[in-house]
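Colleague: The following comprises the amino acid sequence and a computationally predicted model.
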Protein chains: 2
Amino acid sequence: MEKITGMIQKPTCTLQEMIEEKRDGEEVVTEGMIHSIRDMGEVLFVIVRNREGLLQAIFEKKEPEAAEWKENLREGMAVRIAGRLHSEERAPHGKELQMTKVEILSKPAAPLPLPIDKWKMGASLEARLNQRAVSLRNLRERARFRIQEGVVRGFRDFLYQQGFTEIHTPKIGAKGAEGGANIFKLSYFHKPAVLAQSPQFYKQMMVGVYDRVFETGPVFRAEKHNTKRHLNEYTSLDLEMAYIDDFREIMGMETAILQYILRLLETEYAKELQILNLTLPSAATIPVVRFDEAKRLVAEKYHRAIRSPYDLEPEEELLIGSYFKEEQGADFVFVTHYPAKKRPFYAMDDPKDREVTLSFDLLLHGLEITTGGQRIHDYAMLKEKMEARGMSEEGMEGYLDAFRCGMPPHGGLGIGLERLTMQILGEDNVREACLFPRDLGRLLP
Amino acid sequence: MEKITGMIQKPTCTLQEMIEEKRDGEEVVTEGMIHSIRDMGEVLFVIVRNREGLLQAIFEKKEPEAAEWKENLREGMAVRIAGRLHSEERAPHGKELQMTKVEILSKPAAPLPLPIDKWKMGASLEARLNQRAVSLRNLRERARFRIQEGVVRGFRDFLYQQGFTEIHTPKIGAKGAEGGANIFKLSYFHKPAVLAQSPQFYKQMMVGVYDRVFETGPVFRAEKHNTKRHLNEYTSLDLEMAYIDDFREIMGMETAILQYILRLLETEYAKELQILNLTLPSAATIPVVRFDEAKRLVAEKYHRAIRSPYDLEPEEELLIGSYFKEEQGADFVFVTHYPAKKRPFYAMDDPKDREVTLSFDLLLHGLEITTGGQRIHDYAMLKEKMEARGMSEEGMEGYLDAFRCGMPPHGGLGIGLERLTMQILGEDNVREACLFPRDLGRLLP
């Protein structure tokens, strides 16, 4: 009877093997999609795209199969090509494949609607999002989401090393963690339910189990903001850690995470950084400024009146970014001690000043990419805060159970993956950093 | 001005450091929650639980602070303990901490409602799920989800090595991937929307971009089954890979993934395997049997009439598991060539027999943990199949775009994380392998 014992080996050669291991004249077989075809008179160039990049295959028109190949090969086809490899400094990676055989694996039904082989496609964001499955085949477009992979991978790998346990918590629940009106509602077998705005309650509950936990998953916000910074569904990188004496320990952990991610991008994603011509921000030293002080500094320097004392306006965040870039060369800035009335009930107030919380936001180039802080761990204090805000305990019994039975001091943070990616990429619209964005007007593709 | 440059170092000592690096008589400081207190006459044992395990702290009643400690310390408290370490073979890990100082970091408001310090809590599944934040503090309960972490981590790490790109696709969409009635519906800014049953459409679209992709995330199934095998929200480990010549290549990839995961569990999660007294299944060799042949074999051996020719009944899956365990000592079995009428439209029919598909399920100990197979990559064939099934293209334009513009041959699979975990754990209810299960009756905690 048939058996499977592991990966089925295939004779195809990766681009990396061609570049690093194969000698000139060696026969190889490779697969990919025809990215573009260029007729240069005597020779035809068939540029093949695979996950690793581009490979230049060529054939001369005088060869026996040339007429057939010229007639049959089209952009968008998936092909298996055999040929002899030789060095050619003008080709991508300095290698070129002299075609000896080609097998057509699949054919497109229509020509490509976007010039994905162009370095810059010249299509609007709307057009690219509308045809996402095609536009992402462009090398620069797809490189962005490799960078995004590196961010998530670095986040997880570093936290595994630091003794964090990964958790998976439900996205359908009975009550929103952050409160407010921006909650998607649904019917769950005739019971009212909501989509999770964050894994906040669950990660706190799990801190009593594993001390240190993290989750990378989707969160849902029914915000009616149609801005360049908002998505209605995004990926949140969340962590929660126990036994903190000071909320700065959470900021220290985030700094170390970012340093690890940036190193990982430099080493493992160098190809994509080069394609995108990116210079990474530095997280070596991150300045820390109090909320009220930050407001004062930018009001002074940029001659700007303080309008809202409890919130940072987007423009103020941008100016805080500029201030610390100009004054200290900093890419990241921690803004601390946000006003209690603008933070959720579970935020720990500063015992020295109950009007503010032991909390922070992290800005990268003037955009908030993280909110975090110390949480209340004492049951009585938590109940008191909920009562003072007129909150009902309905649906929160399981959360409160954890505190009733004792919880260690703890805090945590949530990083918006798309926002962090967007800022690393230097893009000005968060949709550029989301494969299939969901916003007020977009539910497709 | 204040700055953060990395992790803030603390003087506390981990359990691992105590076991591996500290000498007898050395002073250490450690933190944890009081798991249990045992009064043994002359001495009091304070068992402290942290993420790494248990530490036995002791003090003698004749010591000056003993009366105060005995009076004040309670189970469920978070504490910071200083003391001198010494070897004690009867203590966990062979180390014991002679307490010299204790600081109470937090106090519970009520005694624990479950005996979490017992090896087996003796509480029903319902009781444990109702008080999940507390019951998970039991060492055996929490060990299960460390095993689950290992499964996800192994899945991702192996696929990174194999050139897969991790993707994050939307969970709110316009149309379900698997079709059928088991879709949760919601209103998305006054537009009808659904929760994703699987990332199927998106991972296929992304195969045209990266050749090989994977995603680990939640999926939602509004199935009205109240069984031990069903959850209405679960974590799906999905992959999709291009340039396959045979759907067995996907089975080969899954076998290699499982081998990697099992090795990772053995090396990195040995402590948890020991706590749970688990013997891991073997994925070294996985037998492959056709759907119709599997039905015939178990009907013959177990004298059981074949009732449904198109589906495997749960009992049949169990018997297939028994058959291959008994006949070949196999834990896993691939069942292939499922009937076309029971597979989704995107499944590739077998060109040799259009009644069956180039698809498979993987059973572990008689339970389906994976469904996978080759997909249709040709636009015309896909359209034809959709038409034959009377499907509307509405909401699927973005998916069809990918095929119209050309797609490589490909296939993939989805692993139900909780089911795989449940089978590795040897549990008989999938809820034992989900932190916060969602089922017909359960939306909380």
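Modeller: Everything's here; your move. Numbering: from 1, shown residues only, chains lettered A, B, ... in the order given.
Colleague: which residues make contact with stretch A:24-35 from outside it?
Modeller: The contact list for stretch A:24-35 (Cβ atoms under 8 Å, 6 or more residues apart in numbering or on different chains) reads A:11-15, A:17-18, A:22, A:46-50, A:54-55, A:73-87, A:97, A:100, A:105, A:116-117, A:137, B:208, B:243, B:406, B:408. The C-beta positions use only the backbone N, C-alpha and C, and glycine is treated the same way.
Colleague: Helix or strand for A:L264, just tell me which one.
Modeller: With elements taken from DSSP states H and E, the one containing A:L264 is helix A:248-268.
Colleague: Report all helices and strands that that helix contacts.
Modeller: Contact partners of helix A:248-268 among helices and strands, from 3 or more Cβ pairs under 8 Å, 6 or more residues apart in numbering or on different chains; DSSP states H and E: helix A:139-161, strand A:233-242, strand A:286-290, strand A:332-336, strand A:359-364, strand A:367-374, strand A:410-416, strand B:3-4.
Colleague: So for stretch A:421-439, what gets flagged as buried?
Modeller: A:421-425, A:427, A:430-439 (16 or more other Cβ atoms under 10 Å in any protein chain shown).
Colleague: can you tell me how far A:N429 sits from B:M206?
Modeller: Separation of A:N429 from B:M206 (Cβ to Cβ, to the nearest Å): 21 Å.
Colleague: re earlier: C-terminal to the helix holding A:L264, which secondary structure element comes first?
Modeller: Sequence order places helix A:270-276 as the next helix or strand after helix A:248-268, per DSSP H and E.
Colleague: picking that back up, turn the helices and strands packed on helix A:248-268 into JSON lines, including mean pLDDT, mean neighbour count and distance to A:E317.
Modeller: Listed next are these as JSON lines, based on pLDDT from 0 to 100; neighbours: other Cβ atoms under 10 Å in any protein chain shown; distance: least, Cβ to Cβ, whole Å:
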{"stretch": "helix A:139-161", "mean pLDDT": "98", "mean neighbour count": "21", "distance to A:E317": "20"}
{"stretch": "strand A:233-242", "mean pLDDT": "98", "mean neighbour count": "24", "distance to A:E317": "18"}
{"stretch": "strand A:286-290", "mean pLDDT": "98", "mean neighbour count": "21", "distance to A:E317": "12"}
{"stretch": "strand A:332-336", "mean pLDDT": "98", "mean neighbour count": "25", "distance to A:E317": "8"}
{"stretch": "strand A:359-364", "mean pLDDT": "98", "mean neighbour count": "25", "distance to A:E317": "6"}
{"stretch": "strand A:367-374", "mean pLDDT": "98", "mean neighbour count": "22", "distance to A:E317": "6"}
{"stretch": "strand A:410-416", "mean pLDDT": "98", "mean neighbour count": "25", "distance to A:E317": "13"}
{"stretch": "strand B:3-4", "mean pLDDT": "98", "mean neighbour count": "18", "distance to A:E317": "19"}
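Colleague: Of all the ones you listed, which one is nearest B:R144?
Modeller: Closest of these to B:R144 is helix A:139-161, at 17.8 Å (criterion: Cβ to Cβ).
Colleague: mind checking how far that closest one is from the chain centre?
Modeller: Its chain's average C-alpha position is 7 Å from that of helix A:139-161, according to Cα atoms, centre = their mean, to the nearest Å.
Colleague: tell me what it is packed against?
Modeller: Helix A:139-161 sits against strand A:165-166, strand A:212-220, strand A:233-242, helix A:248-268, helix A:270-276, helix A:417-425, helix B:139-161, strand B:165-166, with contacts defined as 3+ Cβ pairs under 8 Å, 6+ apart.
Colleague: Good, we can wrap up now.
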